[in-house]
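**Student:** the following block contains a protein sequence and its predicted model.
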Amino acid sequence: GDSVTQTEGQVTVSESKSLIINCTYSATSIAYPNLFWYVRYPGEGLQLLLKVITAGQKGSSRGFEATYNKETTSFHLQKASVQESDSAVYYCALSDPPSGSWQLIFGSGTQLTVMP
Amino acid sequence: GPKVLQIPSHQIIDMGQMVTLNCDPVSNHLYFYWYKQILGQQMEFLVNFYNGKVMEKSKLFKDQFSVERPDGSYFTLKIQPTALEDSAVYFCASSLGTGSYAEQFFGPGTRLTVL
């Protein structure tokens, strides 16, 4: 079945430094899955950060970017300069509409801590 | 932005009892979802619901689980009877549609502890 892998459970970065959170996926449908990054700030519900539904395209939001790479089946999240307010848990996810399902399949999440 | 509310935020019950988790979805949304996250594990899909019917469910959606949204009120997840392995955080979500552009909006979760 479909799956999403985030290898880092926790990442600590100093403020103004760059960030990359890794995400790889496996999808069983012939067509391309839709890919997402969600974020959960402390005490809040999960929020969509960005999404990309076309292979080769890049999504961006709030200074974060992720490129849909079909060759490496990756969708890494990057930011050039993080801020303390970016501290949160980040989840990579996919949906696989061609399989007939609209459920989201999540990775295990990466806790980002930005040090002042 | 649009908000999904969940009531209660925490629930503690004894094994074998019934529990109902309540979700107040975004007002004009038509599709509703429940996800389950056991501590330290991934968030996993349970069920989605549209027009009064379960559209899709996972193997985690046991026979003891049921969902409904009577008369456009809360979207509820009922577990009867509960088991120890039902202890988890349950997240509700809603969306306007199911196309590639239909974003799922999530609530903050209900932490269920079954003793």
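**Tutor:** Happy to help now that I have it.
**Student:** what's the nearest residue to residue A:67 if we skip its chain neighbours?
**Tutor:** residue A:58 (4.5 Å; CB to CB, 6 or more residues apart in numbering or on different chains). Every C-beta, even on glycine, is put in place using the N, C-alpha and C of the backbone.
**Student:** burial measure for that neighbour, as a count.
**Tutor:** When counting by other CB atoms under 10 Å in any protein chain shown, one arrives at 13 neighbours for residue A:58.
**Student:** how about the one 5 residues further on?
**Tutor:** If you count neighbours by other CB under 10 Å, residue A:63 ends up with 13.
**Student:** for chain B, which spans come out with low pLDDT?
**Tutor:** Scanning chain B for pLDDT under 70 picks out the ranges B:100-101.
**Student:** where do the helices of it begin and end?
**Tutor:** Read by DSSP state H, chain B holds no helices at all.
**Student:** flag every residue of it that's near chain A.
**Tutor:** By CB under 8 Å from any CB of the partner chain, the residues of chain B that approach chain A are B:1, B:3-4, B:31, B:33, B:35, B:41-45, B:48, B:55-56, B:58, B:91, B:93, B:98, B:100-109.
**Student:** if you set the cut-off to 6 Å instead, what comes out?
**Tutor:** Contact residues (CB under 6 Å from any CB of the partner chain) of chain B with chain A: B:42, B:43, B:45, B:56, B:98, B:100, B:103, B:106, B:107, B:108.
**Student:** for those residues, which one is nearest residue B:75?
**Tutor:** residue B:107 (9.9 Å; CB to CB).
**Student:** for that closest one, give me its contacts.
**Tutor:** A:45, B:4, B:6, B:23, B:92 (CB atoms under 6 Å, 6 or more residues apart in numbering or on different chains).
**Student:** so what's the residue nearest to the last one when sequence neighbours are not counted bridging to?
**Tutor:** Here the nearest residue to residue B:92 in space, its sequence neighbours aside, is residue B:23; by CB to CB, 6+ apart that works out to 3.3 Å. For residue B:23, the beta-bridge assignment (DSSP bridges) gives partners residue B:6, residue B:75.
**Student:** so residue B:23 is in contact with residue B:5, correct?
**Tutor:** No: look at residue B:23 against residue B:5 with CB atoms under 6 Å: they stay out of range, at 7.3 Å.
**Student:** neighbour count winner among the two?
**Tutor:** Ranked by neighbour count (other CB under 10 Å), residue B:23 and residue B:5 place residue B:23 first, with 24 against 15.
**Student:** how close does the more buried one sit to chain A?
**Tutor:** 11 Å (CB to the nearest CB, to the nearest Å).
**Student:** list the residues that contact the residue most central in space within chain B.
**Tutor:** Among the residues of chain B, residue B:34 comes closest to the average C-alpha position under CA atoms, centre = their mean, at 3.1 Å. Contacts for residue B:34 (CB under 6 Å, 6+ apart) come out as B:46, B:47, B:77, B:92.
**Student:** burial check on residue B:52, number of neighbours?
**Tutor:** Neighbour tally, residue B:52, other CB under 10 Å: 8.
**Student:** which residues of chain A lie near chain B?
**Tutor:** So chain A meets chain B at A:34, A:45, A:46, A:48, A:53, A:101, A:102, A:103, A:106, A:108 (CB under 6 Å from any CB).
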